[in-house]
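Chemist: Quick one: sequence plus predicted model below, questions after.
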Amino acid sequence: MSKFETFDETTAPEAAVPLIEKSKKAFGRLPGLHAVMAGSPALLEGYQVLHRLFAEDTAFDADEKTVVWQTINVYHECHYCVPAHTGIAKMMGVSDEISDALRDETPLPSDKLEALRTFTLAMLDTRGNPSDAAFEAFYAAGYGERQVLDIILGLAQKVMSNYTNHVAQTPVDAVMQKFAWTPKAKR
């Protein structure tokens, strides 16, 4: 597999430069994922928009956002996003108990969060065609149609990042290396 090029504001395609600057402003540095995505300014812009929408405009709280993000990251075995979202979860005030359960694929501390993970997995497993029973269990846990649609937004965002990291073999950023992760099946 070839190594994908990474970019910064001095080497990126012109359309990516303001997007790189936006990433640096938001994160205080240029995440490796964004440095790779800059090779396609459209991809980087799309990812930034979806990230902002999921982070700021969904019906989920910080714990629930983390459940959706990390469930998808773990399912896709993303070597980059699991550590990155572990660090993001810490910054968002999400408990280590939740992060560890997601990373280790062990039960979450509440039935409602477990229902969210289970439904997110059902969306992944069925390619967006969950069974009536999956919907019923999700709704019985206190979620509704809005949250189903918000999960789809999270899926779109995470497919962009997880797949980019797979094909580019993006190195985990130094600041997130302390949260390095190995998929359960490969331990």
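Modeler: Thanks, I have the structure now.

Chemist: Buried residues of the longest helix along the chain, list them for me.
Modeler: Under DSSP state H, the helix in the chain containing the largest number of residues is helix 145-168. Judged by neighbour count (16 or more other Cβ atoms under 10 Å), helix 145-168 contains these buried residues: 147-148, 150-151, 153-155, 157-158, 160-162, 164-165, 168. (Each C-beta comes from the backbone N, C-alpha and C, glycine too.)

Chemist: With stretch 9-18 instead?
Modeler: Buried-residue list, stretch 9-18, by 16+ other Cβ under 10 Å: Ala12, Ala16, Val17.

Chemist: got it, and stretch 171-187?
Modeler: Applying a neighbour-count criterion of 16+ other Cβ under 10 Å, the buried positions in stretch 171-187 are Val172, Asp173, Met176, Phe179, Trp181.

Chemist: what's near enough to touch the residue positioned nearest the centre of the chain?
Modeler: Geometric centre of the chain, nearest residue: Trp69, 3.9 Å, by Cα atoms, centre = their mean. Trp69 is in contact with Phe54, Cys81, His85, Ile88, Gly154, Lys158, counting by Cβ atoms under 8 Å, 6 or more residues apart in numbering.

Chemist: For it, which three-state class applies?
Modeler: In terms of secondary structure, Trp69 is helix; the call rests on DSSP: H, G, I helix; E, B strand; the rest coil.

Chemist: how close does it sit to Phe4?
Modeler: Separation of Trp69 from Phe4 (Cβ to Cβ, to the nearest Å) stands at 23 Å.
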